[in-house]
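Engineer: sequence first, then the predicted structure, then my questions.
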Amino acid sequence: MQRKKCMNGRGLETGSFEYVLFFFKCNAPRNLFFAQTSNHSEAFDSYTKAKAYLEQLLFTTSRSTSTSSYPIDPIEASRVLLNRSICAYSLEHFEESFNDADMAKSILKGTLQKEEQNGAERSILDELRFRLRKAYFRCAKASEKRKDFDGACELYLNALEVASPKKENSNKNTNHLSEALAALVARDQVSIKFICDDYARRIFDAETPNPLTFSRDGKGLTLIRPESARMSKKRVSSLLLEYSVGEEKRVRDEWLKFTSLRNGVESSVFQLNSSTSAKFTKSQRKSIARGFLSGIRARAYLRADNVIQAAKDVKAATYMCKDVIAFGGAFHYERALCCDRLLVEENITRTEIAQGGEEGIGHENDNLVVESQVACALFAKRALETEEALSLKEKEEEEDNEKTPSSSMSFSTTRARAIQIYQSYSDKMQARLTDPVKAALRKGSVFALTFLDKDKWENEVPEYMRPKPKYFYYYEWMKDRIKEYYPELPQCVLDKLLSLDGAELDLLLQHPQAIRGQTEEFLQVLDEKGEKFLETYKTPQLSWEEVQALRVSEAKKKKLLENQQNDDSDYSEEEDTDHAMIGASGDDGLTKAEKLGKPILPLLPPDQRREKAKLDALKRDMAKDSQKLLQQNTTRKGGRVEDISDFQNENEEPTTKTAGGVLLDAMD
C-alpha cells in the first residue's frame, strides 16, 4: 500500500480524506481527537463529521482502475472510526461504538488480505495487524455492554489469532486481550455451548486432510478410520455439551488455559516442575494443543460408545500433555475408564501403559504392556497425583497474584471434588490387584512404573529375550570352562580370571597345567595380601617359549597315553563273562545285567570268540568265489558229502526240465 504524496505544503491533496481530517484537527482541541479528555461529546461530534465524509468517499467515489490504489488511506480511516467508537463507548452509545469498530474491522481486514497477496512491506503489514487487533477489541468491548458475551468472546479469539510476526511484540500486544477473555470466563459469562461449538470447530478443522503429509493424517489430528465412523461437527458439539453437565467450572477453566497456551500466554500452572521457569516453545505449544484436542475428541467418542477410538485419542492426549499439569488429571482418569470398558466390552486384557524412554522405563526400544486391571489402577493413580499437583500450584499462584477470595474458593472446591472422585476410583481399581503391585502404587505412579518394568523382565519375558549385560555369553562360557578345573572358587578369584585378556584366558584354558598355575597364583595372593590387593594385582602374560614348552609337554603326555591305551586295547574289548550261574566258572558274583534281572545268553570263551571274529573279518574281505570255496570246504568236514552231483546216480544220465514240465534227454 502506497501512501499519497505531500501536497499543499503539508503533503495533503486538496479534497482528499487526509486533508479533511487535517482540517478537523486544526479546528478542534488536539486531545479531543484521541478521546482522552472528559469532553467526549465534542470529540464525538467532530469524528462524526469526519465519518460522514469518509462514507461519502466510500460510497460515492468511483473506484480506480488500478488495483493497488485506494480512494482513502485505510489506516487513517480506521483511526477515525476507532476513535469515534471509543467516544461512543464513553458516552454509552454501545450500538454506535460496535458499528464504528465493525466498519473499521471490515476495512482493515480486506486491506490486510490484499496487501498480503501483493507482498507488501513488513512494516505496513504489522501496522494493519495492530489496527485490526484494536478493531476486534473495540467490537468485543461494545458486545460485552450489549450483553452479547459469546460474540465478545469470539471477537477476542479473533483478535488473538491476528498475531504479529514479531515475537518480541506478540505478548505485549495481546496481554489485554487475554485478560479480558479471562475476566469473562471468571464471571461465568461464556456459555458452555459456545465452548463446545469452538471445540467442535477446531476438531473439524484439525481433521481436514493435510495435502503435505500422508493421507492418514489431518492438519492437526489423526483421521477417523473408517470414514463412516467420523461424527459431524454438530454431533461432536452436542456430545461435548452432554459431557459438560455438572462440570461447567472445570470445562471453562480448561478452555481458557487451552486458548491461552495456543497464543503463548502461560502461567506457573503449566510447568510440571516448579523449578523450571522457561516457557514452552512454539512447537511444544502446538504439540500440547494437538494432544488437548485429541483428549476433547476422546470425550465425544466415549460418549458415543466408540470406546476403541476414544482410547486411541486419550492415549495421544496423555502422551502429548505429559509435561503439563494445567489440564488436571481428567485425561488420565478418562484413559482409565477406557481401559476398563475395553476389558469388559472388547475383552482386551493387556494394555500399553508406557513407551520406551519414558521416566521409569529403562529400555528405550521396548514399550511396557501390562494387564488391563493394572493399567486402570496406574492411570487412576496418575490422575490423582496430577490433580493434587495442580491444586497445589493454583494455591501458590493465588498467593502470588492475590486473587479474590470468591474466585479462589470456587477453584479449590472444584479441585477438592475432583480429587475425591479420583481417590475413590483409584482405591476401587487397586482392590483388584496383588499385594506387590498395591505396595508399589502406594509409593507413586513413577515407582510403580519402574517396578512393573523390572518385574516384566524378570518374570514375564522369556530368558532369551531378556536384556543381557555386555559380553554376557562370553563370561558364562569362560566360567563353565574354569569350573571344569576348579568347581568351587572364591568369587574374587573367578572375577580376576575373567578380567584377563580374552586370548590369554583362552590359551590358559587350553593347557591344564597353565590354568592351574595361574589359579594357584591368584589364590596365594588372596591368602597373603587380601581381596583388595588382588583386584590391582598384575600378572605377566605367557611368553612364546612358555607356550611352546606347554605344547610339547602336552604332546608327549598324549602320545604316552595313546601307547598305553593300545597295549590295553585287547583286554579292554573283552566283555564281562564272570557269570556265577554258568558252570560255577565265575567269581561267585553277579554282573550288572544279572542284578537287574535281564536274561543272560551264554557266550563263547574268549579265545574262541577271537578266532570267530578273525574268521568273520576274513570272510568279509574275500571275493565271492573264495567265499563259495570256503563254504564248500567247511560243509565236507566230518565225512559228509553235500555236493549236488553226489545225489545223482552214477549210471543215470543227466536230464533237463523244460518250462512245460517235460523231461528231455541231455545233449552230448
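Structural biologist: Right, received. Where do you want to start? Numbers count the residues shown, from 1 in each chain.
Engineer: break the protein down into its structural domains.
Structural biologist: Residue ranges for the domains of the chain, per automatic domain parsing: 1-61+69-146, 190-324, 328-467, 472-553.
Engineer: and these: which comes nearest residue 181?
Structural biologist: Across those, the minimum distance to residue 181, taken as C-beta to C-beta, is reached by domain 190-324, at 6.9 Å. (Glycine included, C-beta is placed from N, CA and C.)
Engineer: start to end distance for the closest one?
Structural biologist: Distance across domain 190-324, first residue to last, is 24 Å (C-alpha to C-alpha, to the nearest Å).
Engineer: for the stretch 201-350 of the chain, which segments count as helices?
Structural biologist: Remark: helices of the stretch 201-350 of the chain, listed N- to C-terminal, are 233-243, 248-262, 282-303, 307-320, 330-345; assignment by DSSP state H, counting those that start in this stretch.
Engineer: for the stretch 401-550 of the chain, that is, sorry about that
Structural biologist: In order along the chain, the stretch 401-550 of the chain carries the following helices (DSSP H, counting those that start in this stretch): 405-430, 435-442, 445-455, 472-483, 491-498, 502-510, 512-529, 531-536, 544-567.
Engineer: and these: which comes nearest residue 336?
Structural biologist: Closest to residue 336 of those is helix 405-430 (C-beta to C-beta; 6.9 Å).
Engineer: any idea of the angle that closest one forms with helix 435-442?
Structural biologist: With axes from the mean of the first three to the mean of the last three C-alpha atoms, to 10 degrees applied, the angle from helix 405-430 to helix 435-442 works out at 170 degrees.
Engineer: next, format the helices of the stretch 201-350 of the chain as JSON lines and append distance to residue 442, mean pLDDT and mean neighbour count.
Structural biologist: Converted to JSON lines, the helices of the stretch 201-350 of the chain look like this (distance: least, C-beta to C-beta, whole Å; pLDDT from 0 to 100; neighbours: other C-beta atoms under 10 Å):
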{"stretch": "helix 233-243", "distance to residue 442": "31", "mean pLDDT": "94", "mean neighbour count": "18"}
{"stretch": "helix 248-262", "distance to residue 442": "27", "mean pLDDT": "89", "mean neighbour count": "20"}
{"stretch": "helix 282-303", "distance to residue 442": "27", "mean pLDDT": "92", "mean neighbour count": "21"}
{"stretch": "helix 307-320", "distance to residue 442": "22", "mean pLDDT": "93", "mean neighbour count": "22"}
{"stretch": "helix 330-345", "distance to residue 442": "17", "mean pLDDT": "93", "mean neighbour count": "22"}
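Engineer: would you list those in TSV and tack on distance to residue 541?
Structural biologist: Conversion of the helices of the stretch 201-350 of the chain to TSV gives the following (distance: least, C-beta to C-beta, whole Å):
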stretch	distance to residue 541
helix 233-243	75
helix 248-262	65
helix 282-303	57
helix 307-320	54
helix 330-345	60
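Engineer: residue 517 is nearest to which of those helices?
Structural biologist: Residue 517 sits nearest to helix 307-320 of all the helices of the stretch 201-350 of the chain, at 60.2 Å, using C-beta to C-beta.
Engineer: ok, which of the helices of the stretch 201-350 of the chain comes nearest residue 110?
Structural biologist: Of all those, helix 248-262 sits nearest to residue 110, with 25.7 Å by C-beta to C-beta.
Engineer: show me what the closest one is packed against.
Structural biologist: With contacts defined as 3 or more C-beta pairs under 8 Å, 6 or more residues apart in numbering; DSSP states H and E, the secondary structure elements packing on helix 248-262 are helix 167-186, helix 192-206, helix 282-303, helix 405-430.
Engineer: by mean pLDDT, show me the worst of those helices.
Structural biologist: Out of those, the stretch the model trusts least by mean pLDDT is helix 167-186, with a mean of 73.
Engineer: so which of the helices of the stretch 401-550 of the chain is the most packed in?
Structural biologist: Burial of these is given as mean neighbour count (mean count of other C-beta atoms under 10 Å); helix 445-455 ranks first at a mean of 19.
Engineer: of all the helices of the stretch 201-350 of the chain, which one is nearest residue 470?
Structural biologist: Residue 470 lies closest, by C-beta to C-beta, to one member of the helices of the stretch 201-350 of the chain: helix 307-320, at 31.6 Å.
Engineer: which residues are contacting the closest one?
Structural biologist: Defining contact as C-beta atoms under 8 Å, 6 or more residues apart in numbering, one finds that helix 307-320 is touched by 222, 224, 229, 287-288, 290-292, 294-295, 297-299, 301-302, 331-332, 334-335, 338-339, 341-342, 345-346, 352, 355, 379, 382.
Engineer: ditto for stretch 291-300
Structural biologist: For stretch 291-300, the surrounding residues in contact (C-beta under 8 Å, 6+ apart) are 199, 202-203, 206, 220-222, 231, 235-236, 239-240, 243, 254, 258, 309-314, 316-321, 327, 330-331, 334, 338.
Engineer: what's the nearest residue to residue 181 if we skip its chain neighbours?
Structural biologist: Once flanking residues are discounted, residue 181 sits nearest to residue 156: 4.5 Å by C-beta to C-beta, 6 or more residues apart in numbering.
Engineer: could you check how far the one you found is from residue 187?
Structural biologist: 14 Å (C-beta to C-beta, to the nearest Å).
Engineer: between those two, who's got more neighbours?
Structural biologist: residue 156 (28 against 10; other C-beta atoms under 10 Å).
Engineer: who's in contact with the more buried one?
Structural biologist: By C-beta under 8 Å, 6+ apart, the residues touching residue 156 are 136-137, 140, 177, 180-181, 184.
Engineer: need the helix or strand of this protein with the lowest average pLDDT.
Structural biologist: Ranking every helix and strand in the chain by mean pLDDT, DSSP states H and E puts strand 663-665 at the bottom, with a mean of 36.
Engineer: tell me who's in contact with the closest residue to residue 333 other than its chain neighbours.
Structural biologist: In space, and not counting its chain neighbours, residue 333 is closest to residue 383: 3.9 Å by C-beta to C-beta, 6+ apart. When contacts are counted by C-beta under 8 Å, 6+ apart, residue 383 touches 329-333, 336, 422, 425-426.
Engineer: same list (those residues) but as CSV, adding distance to residue 542.
Structural biologist: Below are those laid out as CSV (distance: C-beta to C-beta, whole Å):
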residue, distance to residue 542
329, 66
330, 70
331, 66
332, 63
333, 68
336, 65
422, 68
425, 69
426, 65
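Engineer: need the max-distance pair from these.
Structural biologist: When those are compared pair by pair using C-beta to C-beta, the farthest-apart members prove to be 331 and 426, with a separation of 15.2 Å.
Engineer: show me what contacts residue 331?
Structural biologist: Contacts for residue 331 (C-beta under 8 Å, 6+ apart) come out as 295, 298, 314, 317-318, 321, 383.
Engineer: please repeat the previous calculation with a cut-off of 10 Å.
Structural biologist: 291-292, 294-296, 298-299, 313-322, 379, 382-383, 386 (C-beta atoms under 10 Å, 6 or more residues apart in numbering).
Engineer: with residue 329 instead?
Structural biologist: For residue 329, the residues meeting the contact criterion (C-beta under 10 Å, 6+ apart) are 318, 336, 379-390, 418-419, 421-422.
Engineer: what about it, distance to residue 537?
Structural biologist: Distance, residue 329 to residue 537, by C-beta to C-beta: 58 Å.
Engineer: residue 202 too?
Structural biologist: Using C-beta to C-beta, residue 202 is found at 71 Å from residue 537.
Engineer: the two: who's more crowded?
Structural biologist: Residue environment comparison for residue 202 versus residue 537 gives the larger neighbour count to residue 202, 19 against 13, counting by other C-beta under 10 Å.
Engineer: can you tell me the closest non-neighbouring residue to the more buried one?
Structural biologist: Spatial nearest neighbour of residue 202, chain neighbours left out: residue 293 (6.1 Å); criterion: C-beta to C-beta, 6+ apart.
Engineer: what distance do you get for the one you found to residue 218?
Structural biologist: Relative to residue 218, residue 293 is positioned 10 Å away (criterion: C-beta to C-beta).
Engineer: pull up the overlap in contacts between the two.
Structural biologist: Shared contacts of residue 293 and residue 218, defined by C-beta under 10 Å, 6+ apart, are found at 203, 205-207.
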